[in-house]
Every structure is written in structure tokens, then in C-alpha cells.
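> Sequence first, predicted model second:
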Amino acid sequence: MKLWERVDYSAIVDRPPLRLPAGNAVAVWPLVTVEVWDPDGPMPRTVLTPPQGSSFIPDVPNWSWAEYGVRVGFWRMKAALDARGLKANFCINASVIERYPRVCEAALEAGWEFMGHNIVQKPMHAMDDEAAAIEGSVAAIAGVLRAVYLDAGATMLFWHPRRFEGAVRHDSAFRHSLKDAVSHSRFDDTAAEGDIERYVKEFEVATDRLKDHFSKKQTASGDAEEVLRRGAAIDGFMRRFSLSSRAQSDWSALRGNLDELARAYGVTWNW
């Protein structure tokens with residue numbers, strides 16, 4: 001198919017006017033791009049001319065100014081956006097997730113939308129297998145809450161593996177404080193104690209299944225919903241019975257992780 005055959009011709013005089021909300025005249029789309037430039041090959045761009053016109057590898061000068069971007073430039077841009085309450089689309093090569101995890105973590109916490117852009121910084125038509133590159137990029141970006149692949153045009157929802165780490169810490173803290181709170185309450189050796197022990201055990205089974213399926217890239221919204229349902233039983237118990245402030249605080253932190261899980265898998269959820 002010829003390039004001009006991919007999009008039908010449309011004259012601007014024949015189109016209805018584009019009207020922005022509230023009568024605004026200008027739309028701004030903040031987009032922050034982070035790329036991985038492989039120093040073992042030619043640089044995507046050579047802003048600095050090599051000495052005497054002879055190219056060399058590694059091209060340290062041109063690699064260095066790109067590296068400056070992820071070490072300094074990104075953080076200055078993010079600070080400017082944060083100061084104005086703006087969010088950005090985060091356009092990244094998929095390998096940025098492994099090469100610069102701190103940058104990805106900051107963008108994720110800021111609520112930016114992740115948008116895939118190949119595996120490393122190289123034109124798609126220059127890849128040996130474009131389809132494999134798209135599939136590999138989607139698989140790599142499976143560690144963010146939402147990945148929108150620019151070339152594939154597909155949207156996928158994923159649970160960030162770093163979120164598992166936080167959830168595990170909060171889960172462990174909650175179990176410890178809950179056990180201590182129950183043992184020092186009137187619920188010790190009662191039916192209520194049996195109930196909460198069962199709820200926690202069922203929650204543990206559901207979360208283990210989710211983690212196992214996630215490691216095999218088999219997770220689905222059903223796994224997340226099961227975890228949330230088991231968590232709801234615990235939440236109901238925590239609301240009905242007054243336990244220690246520590247146990248309540250630890251549960252609140254863990255419930256925050258579950259809220260993130262619901263958003264990651266597109267599950268509509270209200271406690």
C-alpha cells in the first residue's frame with residue numbers, strides 16, 4: 001500500500017471546525033520522551049561533530065548529552081510540570097524500564113500515561129522484525145499501569161512489579177499488627193477471631209495466585225477481582241470491630257495498594 005493510500009484526502013475547507021472545550025483556542029499536549037541510546041552502535045543523532053569528521057564507537061560525546069537528559073533534564077522538566085499541576089504522556093523505549101527504573105517510577109507515581117516507542121531508540125523500519133519489536137515492547141512495558149503502544153495502537157493494563165513489593169511489605173506489617181491486636185482484644189479465642197483468620201487466609205491464597213499468574217504473564221482482571229473480594233471481607237471486619245490504631249493504619253496502607261490494583265486492571269471498585 002502506498003503511503004498516500006493509508007489516509008483519505010480531506011481538504012480543510014470541507015471539514016467541520018475543531019472546537020475546543022470552553023471556547024479555548026490552543027490545546028497543549030505535554031509529552032516527555034526518554035530514550036535508550038546504545039553506545040555500542042551509531043548514535044541516533046550526532047549533534048556534536050566527531051573530530052576530523054571520523055565517526056567512532058563508542059561515540060561518547062553524543063551519548064553523554066543524551067545521558068544527561070535522563071540524569072538531569074528529565075527531573076527539571078518534571079519539576080516544571082509538577083509546579084504547574086500538569087501531567088504528561090511518557091513516551092519511552094521499552095528498555096527504559098530496565099535501564100532507568102528510577103525515572104519510570106517517578107513518572108508512574110506522578111500519574112503520567114506511559115506510551116511505548118520501540119525497544120531502543122531506532123526507527124521501526126530499521127528493525128529486523130517489526131512485529132517482534134512491537135510484541136517485545138509490549139511485553140517489556142507490562143510493568144507499568146497502562147501502556148499505550150504508539151505503533152501498535154493497542155492499550156494494555158498491567159500491574160507494576162514494584163507495586164508487589166510495597167503490597168508485600170504492607171501485607172506483612174498488617175498481619176503482624178492484626179495478630180497482636182486480636183491477641184490483646186476481647187476477640188481472642190472467639191468466633192470473630194476465627195472469621196478474621198479465615199479472611200486473611202483466603203486473601204493470602206488469592207494474592208499468591210495473582211502473583212503466580214503475574215510471573216507467568218497470565219494475569220487477568222478476574223485474578224485482581226478475587227483479591228479485591230477477599231480484601232473486602234477483611235475491610236468489613238476492620239470496620240465492624242475496633243482494633244489497635246496500628247492495625248487500622250497498616251490495613252489502610254494495604255488497602256491503598258488494592259486501590260492501585262483495581263485501577264491497574266480496570267476493575268470498578270468501591271469499598
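Cool, the structure landed.
> Please make it C-alpha for all contacts and neighbour counts, starting now.
Noted.
> my read: Gly116 touches Asn93, true?
Yes: the pair Gly116 and Asn93 qualifies as a contact (CA atoms under 8 Å) at a distance of 6.0 Å.
> Look up the residues that both of these two are in contact with.
Ser137 (CA atoms under 8 Å, 6 or more residues apart in numbering).
> what's the weakest-modelled helix or strand in the protein?
Lowest mean confidence among the helices and strands of the chain (mean pLDDT, DSSP states H and E): strand 155-157, at a mean of 33.
> Please report how far His117 lies from Asp195.
49 Å (CA to CA, to the nearest Å).
> can you check Gly69 too?
54 Å.
> next one: Val26
Counting by CA to CA, the gap from Val26 to Asp195 is 58 Å.
> Would you map the strands across this protein?
31-34, 89-92, 113-116, 146-149, 155-157 (DSSP state E).
> and stretch 81-90, which residues are buried?
For stretch 81-90, the neighbour count (16 or more other CA atoms under 10 Å) marks 87-90 as buried.
> who has more neighbours, Val26 and Asp195?
Of the pair Val26 and Asp195, Asp195 is the one with more neighbours under other CA atoms under 10 Å, namely 14 against 7.
> From Asn89, how far off is the more buried one?
45 Å.
> Next: Arg15.
28 Å.
> With Ala107 instead?
From Ala107 to Asn89 the distance is 9 Å (CA to CA).
> what do you get for Ala25?
21 Å.
> what does the domain assignment say about this structure?
3-157, 161-264 (automatic domain parsing).
> now for those, which one comes closest to Trp271?
Nearest to Trp271 among those is domain 161-264 (6.6 Å), distances taken as CA to CA.
> tell me the mean pLDDT for that closest one?
For domain 161-264, mean pLDDT is 81.
> Then stretch 74-84?
Stretch 74-84 comes out at a mean pLDDT of 96.
> and it, how far out from the chain's middle?
19 Å (CA atoms, centre = their mean, to the nearest Å).
> can you list the residues that contact it?
With CA under 8 Å, 6+ apart, stretch 74-84 has contacts from 32, 34, 87-88, 103.
> residue ranges with poor pLDDT in the stretch 1-150 of the chain?
1, 142-150 (pLDDT under 70).
> Helices along that one, start to end?
60-68, 74-83, 96-99, 101-109, 130-140 (DSSP state H, counting those that start in this stretch).
> For the last one, list every residue counted as buried.
Within helix 130-140, the residues that count as buried by 16+ other CA under 10 Å are 133-134, 136-138, 140.
> Can I get the contacts of stretch 74-84 in TSV including distance to Arg263?
Converted to TSV, the contacts of stretch 74-84 look like this (distance: CA to CA, whole Å):
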residue	distance to Arg263
Val32	23
Val34	25
Lys87	17
Ala88	18
Val103	21
